[in-house]
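[1] next come a sequence and a model predicted from it.
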Amino acid sequence: MLGILPVEQALAMAEEQELDLVKISPNAVPPVCKIMDYGKFRFDQLKREKEAKKNQRVVEIKEIRMSPGIDTNDLNTKMRSAIKFLKEGNRVKVTVRFRGREMAHTEIGEELLIRFGEGCAEVSNLEKKPKLDGRHMSIFLSPKNAK
């Protein structure tokens, strides 16, 4: 650790070592500088950013819609597609749409969503209890182990 140096002296030291004088924290009083190979620093920084970008994954929310009068085979088909989405690492929003007089029997939709969540329990976690929002009741399922 060298302490506070005049700019001219710091530049001379950097030229002597054939390196660059780089401002690390220009807004500090006094400004903080470092002697380094700036080209190599930028190369390493870009390489790290590229590697981080390659490893990140965008999680999509897939939606599955049903009505309260859905039959068993249709429900099983929708469950299989939800399990496929969850295995790919996506979140799934399962929605039951109520039309007309079906609004009087929202408990049927709630039971349906709970049964759907239990059917997908081996690959997913139920994030929240079924929630009624207008004429739609929905739940969110998230994958148990993200890839």
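    Thanks, I have it.

[2] so where do the helices sit in this protein?
    Using DSSP state H, the helices found in the chain span residues 7-16, 38-55, 72-87, 106-119.

[3] single out the most deeply packed of the ones you listed.
    helix 106-119 (a mean of 17; mean count of other Cβ atoms under 10 Å). To be clear about C-beta, it is placed using only N, CA and C from the backbone, and glycine gets the same treatment.

[4] from Leu19, how far off is Gly109?
    Going from Gly109 to Leu19 by Cβ to Cβ, to the nearest Å gives 68 Å.

[5] of all the helices of the chain, which one is nearest Ala28?
    helix 7-16 (14.4 Å; Cβ to Cβ).

[6] convert the C-alpha atoms of the closest one to PDB, please.
    Below are the C-alpha coordinates for helix 7-16, written out as PDB (Å, rounded to 0.1, in the frame of the first residue of the first chain):
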ATOM      1  CA  VAL A   7      -0.900  12.000 -10.400                       C
ATOM      2  CA  GLU A   8       2.400  12.700 -12.300                       C
ATOM      3  CA  GLN A   9       4.300  10.300 -10.000                       C
ATOM      4  CA  ALA A  10       1.600   7.600 -10.300                       C
ATOM      5  CA  LEU A  11       1.700   7.900 -14.100                       C
ATOM      6  CA  ALA A  12       5.500   7.700 -14.100                       C
ATOM      7  CA  MET A  13       5.300   4.500 -12.000                       C
ATOM      8  CA  ALA A  14       2.700   3.000 -14.300                       C
ATOM      9  CA  GLU A  15       4.900   3.800 -17.400                       C
ATOM     10  CA  GLU A  16       7.900   2.400 -15.700                       C
END
